[in-house]
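Trainee: compute the structure for the input listed below.
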Amino acid sequence: MDAVDAVLNSPLKCTAEEKKHFADPAIQEAQNSNFSSALEIVTNGLDAHPASEGLLFLKAYFGYKIADNMSNELSSYPKVIQPIGNGALMIDGAMTSQMLSKFQAIVSTLSEAEEAVNELLQVNPKNSEIVEFKGYIDLKRQQLNQESENMRTTFHKSPQLAGSYCLGCQKSISFETQKIVLRRSADSRLEAWHLGCYQASNN
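Mentor: Numbers count the residues shown, from 1 in each chain. Next comes the predicted model:
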């Protein structure tokens, strides 16, 4: 159990009705790792009981766990920007586009979790577990923002710097869908190639 999961051991402030109809069924789903179902149950509960501290807390917790799982999935993706020798970089455009939209989904899930935490802190600003939990969410969001920003910068600045035509076949390059190679020319200009054209020119 990590430090975030330990937060769940603090007693939930729920009425008997909230506990029976929403908190307990949601925790049951979460124990089976169905965090999306758990979040849905809690969100429905908040529609009926918007001021429930226990349900707000669970909403933040399940949102964090969903974002964490999505983030772990990302780390199993193949590297989308990688060096391939001679100072050249290969960018998988389709996979990069996919990863950037995944980053966006994770950050949006974390933002919703943070909103629930902020509501809790308005009611209970001195609760150290909630303050600490907000810290976990902030840190996770900063790390993801930094990572996606680095990737986005490389991805979006490359066509501006290298142009959108392949140096090999002189046809246009789609940075969003194709595999591209970027490298510096002898006079330090950035060149863009289709992966196939680059490989053919080096054989």
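Trainee: after the helix or strand of the chain with the lowest mean pLDDT, which helix or strand is next? Please name it.
Mentor: Least confident helix or strand of the chain, by mean pLDDT, DSSP states H and E, is helix 3-6 with a mean of 54. For helix 3-6, the succeeding helix or strand toward the C-terminus, using DSSP states H and E, is helix 16-18.
Trainee: who touches that following helix?
Mentor: The set of residues external to helix 16-18 that reach it, using C-beta atoms under 8 Å, 6 or more residues apart in numbering, is Gly45, His49, Ser52, Gly54, Leu55. Backbone N, C-alpha and C define where each C-beta goes, glycine included.
Trainee: tell me which residues of whatever helix or strand Ala30 lives in come out buried.
Mentor: Secondary structure assigned from DSSP H and E places Ala30 in helix 24-31. If you call a residue buried by 16 or more other C-beta atoms under 10 Å, then helix 24-31 has these buried ones: Pro25, Ala26, Ile27, Glu29, Ala30.
Trainee: show me which positions of the helix or strand just after that helix end up buried.
Mentor: Following helix 24-31 in sequence order, the next helix or strand is helix 35-48 (DSSP H and E). For helix 35-48, the neighbour count (16+ other C-beta under 10 Å) marks Phe35, Ser37, Ala38, Leu39, Ile41, Val42, Thr43, Gly45, Leu46 as buried.
Trainee: does the fifth one touch Ala26 like I think?
Mentor: Yes. If you go by C-beta atoms under 8 Å, Ile41 and Ala26 touch, sitting 4.1 Å apart.
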